[in-house]
Each structure stands twice: as structure tokens, then as C-alpha cells.
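Asker: Whatever this is, show me its structure:
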Amino acid sequence: MPHGSGEPSAWVRRWAPLVRPGGSVLDVACGSGRHLRYLAARGHALTGIDRDADALAPLQPLGSLIVADIEGGAWPLPGERFDAVVVTHYLWRPLLPTLVASLAPGGVLIYETFTAGNETVGKPSRPDFLLRPGELLQACAGLRTVAYEDGFIDAPARFLQRIVAVRPDPDAPAPARYPL
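Answerer: Numbers count the residues shown, from 1 in each chain. Next up, the predicted model:
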């Protein structure tokens with residue numbers, strides 16, 4: 001679904017079942033809460049971060065909401081770990097290591113944003129907001145990659161890079177099963 005449509009991303013819907021039932025989920029740059037609403041309906045404990053207090057206000061019943069400028073200020077959740085971190089249509093490169101570090105053992109990173117090439121079809125078009133080829137794979141080098149895509153979607157026209165990666169859990173029974 002298009003960003004801003006209110007519908008959760010197909011990528012998030014597809015991979016949300018990997019999140020531990022009832023597990024804690026952090027939605028970064030959550031905006032109007034399309035993924036918070038979806039994940040709340042799945043029974044997860046939620047934390048959302050966004051700089052727009054007005055966008056967060058109607059989401060108060062869904063969980064813990066934090067108004068923060070994560071590009072200009074300190075990370076508001078130092079040392080906290082989550083069973084999942086969800087990021088869509090947002091990129092702040094200095095934050096990538098923090099997001100990976102925010103995963104608990106067995107935690108799932110579900111990330112989807114624009115990549116190089118998008119400048120040929122629309123916004124965002126600044127290189128600061130477009131992933132380089134393989135950049136999410138590099139950021140998740142210490143995690144187990146379950147799914148990865150880097151390409152073009154026709155309707156609406158956009159270039160996206162997506163990853164689902166899991167922090168290994170040394171106490172989990174082996175081998176871990178990640179349904180495709």
C-alpha cells in the first residue's frame with residue numbers, strides 16, 4: 001500500500017508473524033501509526049517514536065509514544081531491547097547501528113525504505129534519503145537475514161530496499177525456523 005494510505009505496508013504484514021506473540025515492538029518514525037494500529041491488533045506491546053506530537057496524540061491508547069527528534073537529539077531509549085523494530089520510509093544512517101542494537105535475542109528487524117534510483121521517479125530524491133545498493137545488508141551484517149529485496153515497484157513507481165533480519169538467540173532451540 002502507498003505510504004500515507006493508512007494501510008500497513010505489505011512487507012510489514014508479510015513478516016509480522018515472525019515477531020514473538022505478544023512481543024514488544026518499536027516503530028521508528030511511526031507517523032500517523034499505520035503500523036502501530038496493525039501491530040496492536042496482533043497483540044503486541046508497542047512503542048512508537050516520531051517528532052510530530054500532533055500525529056502521535058491520537059495513538060496514545062496503543063502504547064508508549066515518544067516525541068523526539070532522533071536526528072538532532074539523543075536516542076530516547078538507550079539500552080532498551082525489543083522483540084521487533086519496524087522502520088518504513090525513513091532513513092537516518094547514523095541511527096542504523098542503534099536500531100540493530102535495539103533488538104533483543106530473537107528480535108526481528110523489519111525495514112523498508114527508498115533506495116538509489118528513486119530520484120528518477122519522484123521523491124525522496126536526495127541521496128541522503130536513499131539507500132545505496134546493499135546498504136541494509138551491510139547494516140545487518142551481525143544478524144541473520146531472512147529476506148532481502150532491492151528493486152523497483154511499478155505502482156506507484158518507486159525504488160525500494162527491504163530487509164527482515166533476526167538477532168540470533170543462543171538459547172533458542174536450533175535450528176530456528178523462519179517461515180517464508
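
Asker: Going by C-alpha atoms from here, please, whenever you check contacts or count neighbours.
Answerer: Will do.

Asker: Against Pro78, how distant is Leu99?
Answerer: 11 Å (CA to CA, to the nearest Å).

Asker: In terms of packing, which of those two has more residues around it?
Answerer: Leu99 (20 against 10; other CA atoms under 10 Å).

Asker: Now the more buried one: which helix or strand?
Answerer: Assigned by DSSP states H and E, Leu99 falls within helix 96-101.

Asker: quick one: contacts of that helix?
Answerer: Helix 96-101 is contacted from outside by Arg81, Val85, Leu109, Ala139, Cys140, using CA atoms under 8 Å, 6 or more residues apart in numbering.

Asker: In those, find the pair that's most separated.
Answerer: By the measure CA to CA, Arg81 and Ala139 form the most distant pair in the contacts of helix 96-101, at 17.4 Å.

Asker: Those two: who's more crowded?
Answerer: Legend: neighbour count by other CA under 10 Å for Arg81 and Ala139, higher for Arg81 (19 against 14).

Asker: how much space between that one and Cys30?
Answerer: Remark: distance between Arg81 and Cys30 (CA to CA) = 17 Å.

Asker: cool, Gly122 as well?
Answerer: 22 Å.

Asker: so how far is the helix holding Leu99 from its chain's centroid?
Answerer: With CA atoms, centre = their mean, to the nearest Å as the basis, helix 96-101 stands 11 Å off its chain's centre.
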